[in-house]
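1. sequence below, structure please.
(one chain, ligands or ions: 1)
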Amino acid sequence: MADAEAPRDILFDRARARIAGLNRHFIAGHWQAQQGGAPIPVLNPADERQIGEIAAGTAHEVDAAVSAARAAFDHPGWRAMPAARREQLLLHLADLIERQADEIAAMETLDNGMPFAHARGAVAGAVSAIRYNAGWVRRLGGETVPVSVPGDWHGYTTRDPLGVAALIVPWNAPFAITCSKVSAALAAGCTVVLKPAELAPMTGLRLAELVAEAGFPDGSVNVVTGLGSVAGAALVAHPDVDKISFTGSTATGQGILRASIADLRRVSLELGGKSAVLVMEDADLRKAVPGVAMGIFGNSGQVCAAGSRLFVADAIYEPFMTALLDFARGLRVGPGIAEGVVMGPLISAQQRDRVLGYIEAGKREGATLALGGDCPDGPGYFVNPTIFVDARPEMSIVREEIFGPVLSVMRFGDADLDALARAANDSVYGLSAYVWTRDLAAAHGLAKRLRAGSVKVNGAGMEFALPFGGFRQSGLGRENGRYGVEAFTETKAVMIAY
Ligand code: NAD
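-> This next block holds a predicted model:
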C-alpha cells in the first residue's frame, strides 16, 4: 500500500516504531551499538516526550566510519563503478524514499516538530534533489583546452572526486539537507560520513537504511550520531577526511574553518542569515502578504534563508501591515501532527528561550511589539508569530539571526534603489534577499545591487538546480545546482604530448 493511503494515526504509529529502532551508528554497512557511556535521548519538541535515543558517538566510532569510507572510496567496486550504475543507484534511492515518503515525513514531524504537510513537501524536495544530482553523474566532465606551448599537445581537465566527505547537518530541515548533501557527494564519486544533528537525527538514520536497501556498497555511506562537540569535532579533526560540507551556525562554521587550516582541508559552509525583504509600493499585496508571512513564520522561522528584516514602502505601509498582521494572527500554531497546523514548535527549550530573549531585547531597545511575543499554554517549545514594527537598523532584532518566528519591520519613503539596497545590505550576513514588485526595472535593479547568494522576486522556495549559499558570514561555497556537485570534486589538468 502506498504511504499516502495510510490513515494518519497508523502512519504516526509506524513512524514512532521506526524511530524507536534507530539507535545505532551505521558503519561499513553494519549497524553498530553504543560502546559505553549513555545514549542521547531524542525528544518530540511538540510535547517534550522522548521518542527515541541515539548512540553517543566518540572519536572511536568516527575513526571507524572514516576508515570504512576510505576503504570504500579506494575499492574498485566504487572507484571503477560505471557512472551509469552510480546514477542508477541514486535514482533507486530516490524511488525508495518516494515509496516511504509519508512515513519519513511523519518521522520528521515527530523529531523536528514541523507540520506534517511541510514535512511532506520537504521529503518531496529531497527526492527531487537526489534525482537532480543523479543527473550530474554522467554529465560531470571536464573540458578540452587549447594549449599554446610549443609542440603537439592535448590539454584537458577532469573533475576528480575529493575522496572522503564529512557531512555535518543541522536540525532545522534535517532530511532535505541530508539528502541534498549525500546525493551531491555520491554523484561526484565521494564516499560519505554523515553526522546528523543530535536534536533531530532520525531521518538521517532512516536514510542509511534506504541507502543499504538501494544497493550502495558497504562503507560508501556511514552515519555516526552524537554530540557536535564530541562526534562532530572528531570528524572535523580527522586527518583522513578530504572534504567537510557543513550546514549550521556561523560560530560552528568558523571553528570548522579554523580546524581545517593545518592540512588545508576543503570546506563548504552554509551558515546563518538575516535576510532582507523589500516590499515596493507597486507590489501585488495578495501575493506579497502570504509570501512575506510564510517567509518568516514557515518552519517557525527556523530557516537560514528566512526573510526576517522587512522593509515596506511608506505608500502601502498601512494596508500591507494590516493585511500582514491579519494573516499572521490567523496562522494555526500547534503540534505538527495535527491537521491544519501551519506553525509547529521550536526545536528545543534552549532555542525557545533564546528566541524569547531576543523578543525581550526588541522591547527593551524600543521596537513596538505589534503581534505575539508570547508562548501558547501547554507543553512543547512553541512561540507565537511575533512582529515588531518601528524597528531600527542598530537593534539586535535587526542585526542578529534569531532563528525563530520573529519579524522586524522598517519602512522606507524613498524608492531610490541604491539607498534601498544599502539598507538591505547592512548586515554581516548575505544569504538571501526577497523583493516584491511589479516593476521590472526595480526587480532587475535590486537583484543587481543586493549582496546575497540568492535573490527572489515575487516568491520564495528552494530550486535545487540553482546554487545556494551565502555572501559574507553566511558561508563559503555553494550547494545545489552543478556547483553543489562540483564542490565535492577537484579539478585536474592533463597535458599529453603526442
Ligand atoms: P550548530 O552549528 O549548532 O549545529 C549544526 C551541526 O553541527 C549539528 O550536527 C551539530 O551537532 C554539529 N556541531 C556542533 N558543534 C560542532 C563542532 N564543534 N564540530 C563539528 N560539528 C559540530 O547549528 P544548529 O543550531 O544545529 O543549526 C542552526 C543554524 O544553522 C542556524 O544558525 C542557521 O542559520 C544555520 N543553517 C544554515 C543553513 C544554510 O544553508 N545556510 C541551513 C540550515 C541552517
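
2. can stretch 339-354 be said to contact the ligand?
-> No. Judged by Cβ under 6 Å from any ligand atom, stretch 339-354 stays clear of the ligand, getting no closer than 7.6 Å. To be clear about C-beta, it is placed using only N, CA and C from the backbone, and glycine gets the same treatment.

3. dump the C-alpha coordinates for that stretch into PDB.
-> Output of stretch 339-354 as PDB, limited to C-alpha atoms (Å, rounded to 0.1, in the frame of the first residue of the first chain):
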ATOM      1  CA  GLU A 339      -4.500  18.700  10.800                       C
ATOM      2  CA  GLY A 340      -4.400  22.200   9.600                       C
ATOM      3  CA  VAL A 341      -1.400  23.400  11.700                       C
ATOM      4  CA  VAL A 342       0.900  25.700   9.900                       C
ATOM      5  CA  MET A 343       3.400  26.500  12.600                       C
ATOM      6  CA  GLY A 344       5.000  23.900  14.900                       C
ATOM      7  CA  PRO A 345       7.200  24.300  17.900                       C
ATOM      8  CA  LEU A 346      10.800  25.400  18.000                       C
ATOM      9  CA  ILE A 347      13.300  22.600  18.300                       C
ATOM     10  CA  SER A 348      14.200  22.800  22.000                       C
ATOM     11  CA  ALA A 349      13.700  24.600  25.300                       C
ATOM     12  CA  GLN A 350      17.000  26.300  24.700                       C
ATOM     13  CA  GLN A 351      16.000  27.600  21.300                       C
ATOM     14  CA  ARG A 352      12.700  28.800  22.600                       C
ATOM     15  CA  ASP A 353      14.400  30.700  25.500                       C
ATOM     16  CA  ARG A 354      16.900  32.200  23.000                       C
END
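
4. averaged pLDDT, that stretch. What do you get?
-> Confidence for stretch 339-354, expressed as mean pLDDT, is 97.

5. buried residues, it. List them.
-> The neighbour-count criterion (16 or more other Cβ atoms under 10 Å) identifies Val341, Val342, Met343, Gly344, Pro345, Leu346, Ile347, Ser348, Gln351, Arg352 as the buried residues of stretch 339-354.

6. same thing with stretch 134-150?
-> Those buried within stretch 134-150 under the rule 16+ other Cβ under 10 Å are Ala134, Gly135, Trp136, Val137, Leu140.

7. ok, which stretches of the stretch 151-300 of the chain are strands?
-> 153-161, 164-168, 191-195, 221-223, 243-247, 266-270, 275-279 (DSSP state E, counting those that start in this stretch).

8. mean pLDDT, distance to the ligand and mean neighbour count added to those strands, as TSV?
-> As requested, the strands of the stretch 151-300 of the chain are exported to TSV (pLDDT from 0 to 100; distance: least, Cβ to the nearest ligand atom, whole Å; neighbours: other Cβ atoms under 10 Å):
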stretch	mean pLDDT	distance to the ligand	mean neighbour count
strand 153-161	97	22	16
strand 164-168	98	5	28
strand 191-195	98	6	29
strand 221-223	98	12	30
strand 243-247	98	4	26
strand 266-270	98	3	23
strand 275-279	98	10	29
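
9. which of these sits closest to Asp13?
-> strand 221-223 (24.4 Å; Cβ to Cβ).
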